[in-house]
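Chemist: how would this look folded up:
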Amino acid sequence: MFIRFFKSNNASALLFLPLIAIVIWVFGFISPIVLPVKHSMPLYELFAGIFINIPWLSITIGLLLVIGEAFLLNFIVNENEVLEKQNYLPALFYIVFMSNNKAMLTLHPLLFGNLFVLLALHRLLSSYRKDKAFSESFDAGFLISISSLFYFPFIVFLPMLGVALILMRPFNWREWVISFFGAVIPYIFIITFYFWYDRLDYLFYDKMFYQFIKETPATDMPETFYFMLGIGWLVILFSIVKIVQGVGIGSQRTKKSIVLLVWFLFFSAFSILLAPQISTKYFSALAIPSAVFCANYFTHIKKGWWAEFLFLLLITSLFVNLIF
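Modeler: Now for the predicted structure:
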């Protein structure tokens, strides 16, 4: 029922996607969690610090970010012909993966990070076969750099600029240089700001590298999450196998886009290793490529009952995780 509806490309899905997100995030409003901004990156501290004493507003903004990013991801996938068939499954799976645990039902830095990484991904994909991609190269570098100023481990996505330029573009050294300047400029501004106020040590120690120099990372993963994790990774594994099997099918643009997302999955997994603690919310970076891969898999499942059963299993594990 769910899969058949959302892969039909029915415009009414635009109403049901926010409704699904709201139903899931009700658990966040029932038991509100507000994260401290201490030791967080400057831009997250700036924005989240405003709402830290207003839990319901903090959670509402987190919910709106998830819904907005789900629609943005769906637009990117359809606009850049990442998948052969257009539907709303990428948005559906993004909402599920970004709302699978109570720790994620709040305003956390990866929500902002994902937004800017998605915008960067769109700029990289849209550079395909353009005569010149100077603005796209600069914007992608700038946006990834901004994402890392919300959540520093997202700095690992910078090498993806080179991967994307190799995959999507004929070699042009100017585009490589421009992307580098785009990535460097935000840090020039932030370092200059902290240097001006004689707080440069504070920036490096308390903001950027605190998670690397503190003692053993804490673990914040409830036992019920492992049930959700097992079901989720089972579905993602099926989806990755399907992607690998079909990597030679489709247009040249689709093939290159899929390969770029495979690299995206690799960098996302690496960012988890740099997380300040072992917690469910730090898996958020994986939600972007995983949602696309799952959308591709469920689009091509020929047996409708199997698709509905797998999704029902995933949703059931999600609510078990949230309730217990």
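
Chemist: quick check: pLDDT value at I155.
Modeler: pLDDT recorded at I155 is 94.

Chemist: over to Y94?
Modeler: For Y94, the predicted pLDDT is 96.

Chemist: does it really touch E69, like I thought?
Modeler: Yes - look at Y94 against E69 with Cβ atoms under 8 Å: they come within range, at 6.7 Å. Placement of C-beta: from N, CA and C, glycine included.

Chemist: of the two, which one has the most company?
Modeler: Taking neighbours as other Cβ atoms under 10 Å, Y94 and E69 compare with Y94 leading, 29 against 25.

Chemist: now do the same contact list for that one.
Modeler: V66, E69, A70, L73, N74, A287, I288, A291 (Cβ atoms under 8 Å, 6 or more residues apart in numbering).

Chemist: do I76 as well
Modeler: Here I76 is in contact with V82, L118, L121, H122, L125 (criterion: Cβ under 8 Å, 6+ apart).

Chemist: which of those residues tops the neighbour count?
Modeler: L121 leads the contacts of I76 on contacts (other Cβ under 10 Å) with 28 neighbours.

Chemist: without its sequence neighbours, what residue ends up closest to that one?
Modeler: In space, L121 comes closest to I76 once its chain neighbours are excluded; the distance is 6.3 Å by Cβ to Cβ, 6 or more residues apart in numbering.

Chemist: so for the helix or strand encompassing the one you found, mean pLDDT?
Modeler: Per DSSP states H and E, I76 falls inside helix 55-79. The pLDDT scores in helix 55-79 average 94.

Chemist: mind listing what's buried along that helix?
Modeler: 55, 58-63, 65-67, 69-74, 76-78 (16 or more other Cβ atoms under 10 Å).

Chemist: ok, stretch 283-292 next?
Modeler: F283, S284, A285, L286, A287, I288, P289, S290, A291, V292.

Chemist: and A140, what does it touch?
Modeler: Residues in contact with A140, defined by Cβ under 8 Å, 6+ apart, are A120, L121, R123, L124, L161, A164, S179, G182.

Chemist: identify the farthest-apart pair in the residues you listed.
Modeler: Greatest spatial distance among the contacts of A140 (Cβ to Cβ): L121 and G182, at 14.4 Å.

Chemist: ok, back up a step: which one of the contacts of Y94 sits closest to I315?
Modeler: A291 (14.5 Å).

Chemist: contacts for the strand or helix carrying the closest one next, please.
Modeler: Under DSSP H and E, the secondary-structure element containing A291 is helix 287-300. With contact meaning Cβ under 8 Å, 6+ apart, helix 287-300 is reached by 3, 7, 73, 77, 82-85, 87, 89-94, 97-98, 114, 117-118, 121, 235-236, 238-240, 242-243, 246, 261-262, 264-265, 268, 307, 310-311.

Chemist: just the buried residues of those.
Modeler: Using 16+ other Cβ under 10 Å, the buried ones in the contacts of helix 287-300 are 3, 7, 73, 77, 82-83, 87, 89-94, 97-98, 114, 117-118, 121, 235-236, 238-240, 242-243, 246, 261-262, 264-265, 268, 307, 310-311.

Chemist: which of those residues fall within helices?
Modeler: 3, 73, 77, 89-94, 97, 114, 117-118, 121, 235-236, 238-240, 242-243, 261-262, 264-265, 268, 307, 310-311 (DSSP state H).
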